[in-house]
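**Student:** From the sequence below, what's the structure:
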Amino acid sequence: MRHSSVFRDMFDIPPPVGEPIEGSSDENPIRLENVAALDFERLLSILYPPIAGEHRATLPEWISILQLATRWLFDDIRNLAIRELANFDDIEPVQKVAIALQNDIPEWLHPSYMALCERPNPLTVEEARKLGVEVVAQLARAREIFRDNRYRYKRDVDLSNIVSEVFGTSPPNEDDKPPALVLRFAQA
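**Tutor:** The predicted structure is shown next:
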């Protein structure tokens, strides 16, 4: 409860008169709707690590932890997950955008959009599904502006300004914490 305002507030609300307190027994558990047991176990592994202060998890595990920490306002755990995700060199820009949009991490968006504009290959159908129509349309517009100016008109182009204009994002401030992820591209 001390880590999450959602759960703290839930237990501060008095139960209806004559009704058992939710979570007070096996017959009256706290139901966590739309939460996979595995995801919840991953979150618990951070709250109760096998070795105090040591948190080891894979990329999918950290993403799972981030999603629940964001959902239930576990701010310290959310920040830990964001910092730990920064240690993974293999997060593709599309996945990074999807994670950022799902978990409200605006500082990841600008550099990821820039990386997607600069990469030589267009989005695959699967990548487009992950991002959604609106982001794909904005990305296509930014790539077109960037490429037209750079190749057709042979102009120097400030891609950061194009991304800011099309997506309404700003480059991350170097002082922002947790740090942005480093982007790496897989060879096609």
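
**Student:** alpha carbons only for contacts and neighbour counts from here, please
**Tutor:** Will do.

**Student:** any idea which element L123 lies in?
**Tutor:** Secondary structure assignment for L123, by DSSP states H and E: no helix or strand.

**Student:** since we're on it, how many residues are nearby?
**Tutor:** 17 (other C-alpha atoms under 10 Å).

**Student:** Roughly how far does it sit from I91?
**Tutor:** 16 Å (C-alpha to C-alpha, to the nearest Å).

**Student:** Can you tell me how far I105 is from L44?
**Tutor:** Per C-alpha to C-alpha, I105 is found 22 Å from L44.

**Student:** Which of the two has more residues huddled nearby?
**Tutor:** I105 (16 against 12).

**Student:** Name the nearest residue to that one, ignoring sequence neighbours.
**Tutor:** Nearest residue to I105 in three dimensions, chain neighbours excluded: I99, at 7.8 Å (C-alpha to C-alpha, 6 or more residues apart in numbering).

**Student:** and that neighbour, how many residues sit next to it?
**Tutor:** Residues lying near I99 (other C-alpha under 10 Å) number 19.

**Student:** Where does it fall, secondary structure wise?
**Tutor:** With DSSP H and E as criterion, I99 is part of helix 93-103.

**Student:** Just the CA atoms of that helix, as PDB, please.
**Tutor:** Extracted in PDB, the C-alpha atoms of helix 93-103 (Å, rounded to 0.1, in the frame of the first residue of the first chain):
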ATOM      1  CA  PRO A  93      12.200   2.200 -32.100                       C
ATOM      2  CA  VAL A  94       8.700   0.800 -33.000                       C
ATOM      3  CA  GLN A  95       8.600  -1.100 -29.700                       C
ATOM      4  CA  LYS A  96       9.900   1.900 -27.800                       C
ATOM      5  CA  VAL A  97       7.100   4.100 -29.200                       C
ATOM      6  CA  ALA A  98       4.500   1.500 -28.400                       C
ATOM      7  CA  ILE A  99       5.800   1.200 -24.800                       C
ATOM      8  CA  ALA A 100       6.000   5.000 -24.400                       C
ATOM      9  CA  LEU A 101       2.500   5.600 -25.700                       C
ATOM     10  CA  GLN A 102       1.000   2.800 -23.500                       C
ATOM     11  CA  ASN A 103       2.800   3.900 -20.400                       C
END
